[in-house]
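Enquirer: starting from these lines, generate the structure:
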Amino acid sequence: MANQLTSYAIFIDYDNLLPAHKSSGILDVVTKVLMQVPRVPGSLMARCEVRIYGGWYEETAITRLAENVTIELVRDFPATIRLPNAMGNPTTVETTGELAVALLQEPGHHLFNTYRRKGKPSNIRVMQPASIGCIDPDCILPMVKKLLKKGTCPKHGCNISVTDLVYRHEQKIVDSMLACDLIFAADSGVQHIVLVGGDDDFLPPLRTITLRGASVVRFFTKPNDQRVSFPCYGVKLLEMEL
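Expert: Next up is the predicted model:
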């Protein structure tokens, strides 16, 4: 029908975007996605809900990155995106965008502590200088090895601990929240579900919703020669390059 309203839900794994994608902006990413996803022939109107996933809370405090992304979303959304249509008239897509700080099913309950500072990974190994051909007497590898093994600086009189020097940030809860939202969106009747991000951890929920009959597209943001998809029998996952 010419006046059929099509619904899209786009889920973006923000950490999976390349610097060029972040620089061009979320609205540009969404427009590129909508240009490529299947559309109902003759459909003149559509609505699209965009959710951006990341570690937005350090304990209960919103992160600086979350603040910056929020500023961008407030600036650029809601947006009206017009897409070429084979019938001659463009398809108008009314698009909203928001940070994913809570489950779609329970929007009033924020999920905190999604951005965490962690100590050194337990599986770090440090090579011996000679084993890699290093003959520099001042090579720092032996000191690094002692630092990681002892947990404190090996120099006499230094009280600096390894956790003061070596740490990493990581997201927690975010991937499982996204997986839950994919399934909830499919059960809520969204016609076209799009995931922007190539993490293979999302294959089980993607397969779940395709088995339920949802139209699903996964966009890869990074080149990768070792991509994994689920077997094509039974259902097919449409995969594209951003």
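Enquirer: the strands in the chain, which residues?
Expert: 5-13, 45-53, 57-58, 61-62, 79-83, 91-99, 115-118, 168-171, 192-196, 215-220, 238-241 (DSSP state E).
Enquirer: ok, the third one: who's next to it in the sheet?
Expert: Taking DSSP bridges as the criterion, strand 57-58 forms sheet pairs with strand 61-62 (antiparallel).
Enquirer: where do the helices sit along the protein?
Expert: Using DSSP state H, the helices of the chain run over 19-24, 26-36, 64-76, 141-150, 162-165, 174-187, 203-211.
Enquirer: of all the ones you listed, which one is nearest Ser43?
Expert: Nearest of these to Ser43, taken as CB to CB: helix 26-36 at 12.2 Å. In this view, the C-beta of every residue, glycine as well, is placed from N, C-alpha and C.
Enquirer: same question for that closest one: list its buried residues.
Expert: 26-27, 29-34 (16 or more other CB atoms under 10 Å).
Enquirer: looking at these, which one is closest to Thr152?
Expert: When the buried residues of helix 26-36 are compared for distance to Thr152 (CB to CB), Ile26 wins out at 43.6 Å.
Enquirer: need the pLDDT of the closest one.
Expert: In this model, Ile26 is scored at 98, pLDDT.
Enquirer: test my guess that it contacts Ile71.
Expert: No: using CB atoms under 8 Å, Ile26 is not in contact with Ile71, being 11.3 Å away.
Enquirer: and Ala46, how many residues sit next to it?
Expert: Neighbourhood size, Ala46 [other CB atoms under 10 Å]: 22.
Enquirer: hmm, Val93 and it touching each other?
Expert: Yes: using CB under 8 Å, Ala46 is in contact with Val93, at 4.4 Å.
Enquirer: now do the shared contacts for those two.
Expert: Tyr8 (CB atoms under 8 Å, 6 or more residues apart in numbering).
Enquirer: before we move on, back to that, mean pLDDT lowest where, among the helices of the chain?
Expert: helix 162-165 (a mean of 65).
Enquirer: could you list the low-pLDDT ranges of the chain?
Expert: 1-4, 86-87, 118-123, 162-168, 225-228, 230-234 (pLDDT under 70).
Enquirer: rerun that using 90 as the cut-off
Expert: 1-5, 38-44, 84-91, 116-171, 198-201, 211-213, 222-238 (pLDDT under 90).
Enquirer: so Ser161 makes contact with Thr152?
Expert: Yes: taking contacts as CB under 8 Å, Ser161 lies within contact range of Thr152: 5.4 Å.
Enquirer: residues in contact with the closest residue to Gly55 other than its chain neighbours?
Expert: Closest residue to Gly55 apart from its sequence neighbours, by CB to CB, 6 or more residues apart in numbering: Tyr115 at 3.1 Å. Applying CB under 8 Å, 6+ apart to Tyr115 gives the contacts 54-58, 63, 169-172.
Enquirer: isn't Thr95 right up against Ile81?
Expert: Yes: at 5.6 Å, Thr95 and Ile81 qualify as touching, with contact defined as CB under 8 Å.
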